[in-house]
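Novice: quick one: sequence and predicted model below, then my questions.
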Amino acid sequence: MPKQPITEVPRGETIASYSKHEEARAAVARLAERDFDVSALTIVGSDVAIVESMEGLRSWAAAAGSGALSGAWLGLFLGLIMALLGGDQSLTSGGLLPALLIGVGIGIIWGLLMRWQAGRRGSVAGRPQVLAGRYDIVCAPARAAEARLLLGTH
């Protein structure tokens, strides 16, 4: 049965704190290797910030390329639908390739229009990430002492 989504910060005892998420995950993995029931654990990030690494200006060529790729997928999808609904004739008459090419053309135009509409403000490409300053491993109180002992953080 899938877990329910977490709707509030988990309560429990903090058994260890780390500055990197990978370190906290490695600690949970060490507990799992020692047969600790990790379903009693939660990693909670604190001091959360959105960090966006800038990748540079988004060029017209990049806008056209991403538009072409999106359009190709749309054209392929529509071409396959036409081929399936058209029976045997549309499979042999080449209905798939024209739909693909039309999709690419429309995608390029759409990508260039979106780039033009964004102007200078939208021409900088970035990659946002949510990061935390500290990652606490929170454990159910009944199992916290055992987890600390296994981690060596008592």
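Specialist: That came through, no problem. Numbers count the residues shown, from 1 in each chain.

Novice: for the rest of this, base every contact and every neighbour count on C-alpha atoms.
Specialist: OK.

Novice: give me the element residue 97 is part of.
Specialist: helix 96-118 (DSSP states H and E).

Novice: let me see the ranges of the strands in the protein.
Specialist: For the chain, applying DSSP state E gives strands covering 13-18, 41-57, 124-139.

Novice: quick one: average pLDDT of the second one?
Specialist: Strand 41-57 carries an average pLDDT of 89.

Novice: okay, domains of this protein per the record?
Specialist: Listed by automatic domain parsing, the domain ranges of the chain are 13-54+131-151, 59-122.

Novice: make TSV out of the strands of the chain and add mean neighbour count and distance to residue 70.
Specialist: What follows is these, written out as TSV (neighbours: other C-alpha atoms under 10 Å; distance: least, C-alpha to C-alpha, whole Å):
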stretch	mean neighbour count	distance to residue 70
strand 13-18	19	41
strand 41-57	14	20
strand 124-139	16	18
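
Novice: next, format these as JSON lines and append distance to residue 85.
Specialist: Shown next, in JSON lines, are the strands of the chain (distance: least, C-alpha to C-alpha, whole Å):
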{"stretch": "strand 13-18", "distance to residue 85": "57"}
{"stretch": "strand 41-57", "distance to residue 85": "43"}
{"stretch": "strand 124-139", "distance to residue 85": "40"}
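
Novice: mind checking which of those strands is nearest residue 76?
Specialist: strand 124-139 (27.7 Å; C-alpha to C-alpha).

Novice: turn the domains of the chain into TSV, columns for distance to residue 5.
Specialist: Formatted as TSV, these follow (distance: least, C-alpha to C-alpha, whole Å):
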stretch	distance to residue 5
domain 13-54+131-151	13
domain 59-122	32
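
Novice: any idea which of the ones you listed gets closest to residue 3?
Specialist: domain 13-54+131-151 (10.2 Å).

Novice: contacts for stretch 52-65, please.
Specialist: By C-alpha atoms under 8 Å, 6 or more residues apart in numbering, the list of residues contacting stretch 52-65 from outside reads 107-109, 111-112, 114-115, 123-129.

Novice: looking at those residues, which is nearest residue 50?
Specialist: residue 129 (5.6 Å).

Novice: tell me the bridge partners for the closest one.
Specialist: Taking DSSP bridges as the rule, residue 129 bridges to residue 51.

Novice: separation between it and residue 53?
Specialist: In this view, residue 129 and residue 53 are 8 Å apart by C-alpha to C-alpha, to the nearest Å.
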